[in-house]
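Enquirer: give me the fold of what follows.
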Amino acid sequence: MEFETAEIDVDQGSDSHIRLSAVPFLFNPGERSLYIGADGSGGAVKHAGWLGLKTEPFNGWYSAHIISVTGNKGTDCVFEVKRNFNTPIQEGEWLWFPAMPQRVETYRG
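Expert: Residues are numbered from 1 along each chain as shown. This is a model prediction of the structure:
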C-alpha cells in the first residue's frame with residue numbers, strides 16, 4: 001500500500017518546533033456517538049481519531065500539541081493532539097497520535 005507523503009510541522013509548545021520531510025502518513029477519523037441529556041436534549045459527539053506518521057521517534061514526539069500536514073497530493077490539514085482518553089504511542093515503524101482535525105479560517109477583523 002502506498003501512502004501519501006507530507007511535510008510535517010510539529011508544535012510541542014514552549015517555542016519548540018520540529019519539521020519532518022517526505023513522511024508517509026495516515027489519518028483514521030474518530031467515531032461519532034449520539035447522546036441524550038437528562039433534560040431530553042440530544043446531540044452528537046465526535047471522538048478523536050488516530051494520525052499515524054511513519055517515522056523514527058524524534059526528540060519530543062510524545063509532547064506534540066499541534067501537527068500540520070502538507071501532503072504531496074494536496075492534503076493540507078492541522079490536527080490537535082488530544083489526550084483525553086488516549087496518549088501517543090509507537091507501534092513498529094509508526095508513531096500514532098490521538099488527533100482531531102481543526103478548521104483553520106481567515107481572520108476577519
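Enquirer: just give me the longest strand of this structure.
Expert: In the chain, assigned by DSSP state E, the strand with the most residues is strand 16-28.
Enquirer: identify the residues contacting that strand?
Expert: Strand 16-28 is touched from outside by 3-12, 49-55, 58-61, 63, 69, 71, 77, 79, 99, 101, with contacts defined as CB atoms under 8 Å, 6 or more residues apart in numbering. (C-beta placed from N, C-alpha, C; glycine too.)
Enquirer: now which of those residues would you call buried?
Expert: 5-6, 8, 10-12, 49-53, 55, 58, 61, 69, 71, 77, 79, 99, 101 (16 or more other CB atoms under 10 Å).
Enquirer: please, which helix or strand holds the residue of the chain most remote from its centre?
Expert: Largest separation from the mean C-alpha position in the chain: Asp39, at 33.7 Å (CA atoms, centre = their mean). Using DSSP states H and E, Asp39 sits within no helix or strand.
Enquirer: bridged to the nearest residue to Gly71 once chain neighbours are set aside, which residues?
Expert: Spatial nearest neighbour of Gly71, excluding adjacent residues (CB to CB, 6 or more residues apart in numbering): Ala6 at 4.2 Å. Taking DSSP bridges as the rule, Ala6 bridges to Val23, Gly71.
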